[in-house]
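# Provided below are the primary sequence and the corresponding predicted coordinates.
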Amino acid sequence: MDNFAEQLVSRNDTKSDKTRRIGTLISGTLFSLCLALLGLIQLGIPILSLMLFVLAAGGGYVTYLLVQGGKVEYEYTFTNGELDIDKIIARKKRKELLSTEVRTFSDFGKYSDDMEEPEDMTIVFATDNIASNEYYADFDHKEYGKTRLVFVPDEKMLDNIKRFLPAKLRNSLK
């Protein structure tokens with residue numbers, strides 16, 4: 001029987017994320033409006049006017065993409081001991097963050113901000129930014145080297161992960 005669990009975690013915006021998104025929206029909108037206004041002023045020179053309207057439309061589209069790009073979700077997929085973490089941007093673009101075997105975890109448990117993190121360790125945050133019920137997993141990754149994954153598994157995901165943990169880690173969690 002296959003052990004399978006899937007979970008989608010939406011990242012909550014921090015104050016700086018919201019400020020950045022609002023600033024991008026305002027500056028991009030003003031930039032596009034200024035280009036469109038210049039295009040109206042330059043109606044005597046049709047080619048320049050057309051170029052300014054095209055630039056205004058392009059600026060508006062880039063602003064839209066930048067604002068939408070701030071909406072991030074993480075998808076955790078667990079299949080028979082393998083944990084895959086994907087980052088989904090604006091519900092359109094998917095990027096694989098990492099894939100690892102749970103059996104290779106050297107450490108696993110509840111995460112806290114005051115934990116020691118060696119300088120040569122790569123930290124991968126795939127959390128909701130709420131800082132509650134976060135877990136960490138330390139392992140060696142072929143691409144990142146020493147890696148610490150910080151994530152927020154639900155009960156089903158956690159149960160599946162615990163089944164495949166090395167015995168010494170599984171016993172220390174009880």
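Noted; the coordinates are in hand. Numbering: from 1, shown residues only.

# what's around residue 47, how many residues?
Residue crowding around residue 47 was assessed by other CB atoms under 10 Å; the count is 8. For every residue, glycine as well, the C-beta is placed using N, CA and C.

# need the contact list for it.
Residue 47 makes contact with no residue, according to CB atoms under 8 Å, 6 or more residues apart in numbering.

# three-state assignment of it?
At residue 47 the chain is in helix, as set by DSSP: H, G, I helix; E, B strand; the rest coil.

# again with residue 28
helix.

# For it, which non-adjacent residue is spatially closest?
Beyond its immediate neighbours in the sequence, the residue positioned closest to residue 28 (CB to CB, 6 or more residues apart in numbering) is residue 63, lying 2.8 Å away.

# name the element that neighbour belongs to?
Assigned by DSSP states H and E, residue 63 belongs to helix 46-68.

# Now that helix - C-alpha only, PDB.
As requested, the backbone C-alpha atoms of helix 46-68 are provided in PDB (Å, rounded to 0.1, in the frame of the first residue of the first chain):
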ATOM      1  CA  PRO A  46       2.100  59.500 -34.600                       C
ATOM      2  CA  ILE A  47       5.000  57.000 -34.400                       C
ATOM      3  CA  LEU A  48       6.200  58.500 -31.000                       C
ATOM      4  CA  SER A  49       2.700  58.600 -29.700                       C
ATOM      5  CA  LEU A  50       2.200  54.900 -30.700                       C
ATOM      6  CA  MET A  51       5.500  53.900 -29.000                       C
ATOM      7  CA  LEU A  52       4.500  55.700 -25.800                       C
ATOM      8  CA  PHE A  53       1.100  53.900 -25.800                       C
ATOM      9  CA  VAL A  54       2.800  50.500 -26.300                       C
ATOM     10  CA  LEU A  55       5.200  51.300 -23.500                       C
ATOM     11  CA  ALA A  56       2.300  52.300 -21.200                       C
ATOM     12  CA  ALA A  57       0.500  49.100 -21.900                       C
ATOM     13  CA  GLY A  58       3.800  47.100 -21.300                       C
ATOM     14  CA  GLY A  59       4.300  49.000 -18.000                       C
ATOM     15  CA  GLY A  60       0.800  48.200 -16.900                       C
ATOM     16  CA  TYR A  61       1.300  44.500 -17.700                       C
ATOM     17  CA  VAL A  62       4.700  44.300 -15.900                       C
ATOM     18  CA  THR A  63       3.100  46.000 -12.900                       C
ATOM     19  CA  TYR A  64       0.300  43.300 -12.900                       C
ATOM     20  CA  LEU A  65       2.900  40.500 -13.100                       C
ATOM     21  CA  LEU A  66       5.000  42.000 -10.200                       C
ATOM     22  CA  VAL A  67       1.900  42.400  -8.000                       C
ATOM     23  CA  GLN A  68       0.600  38.900  -8.800                       C
END
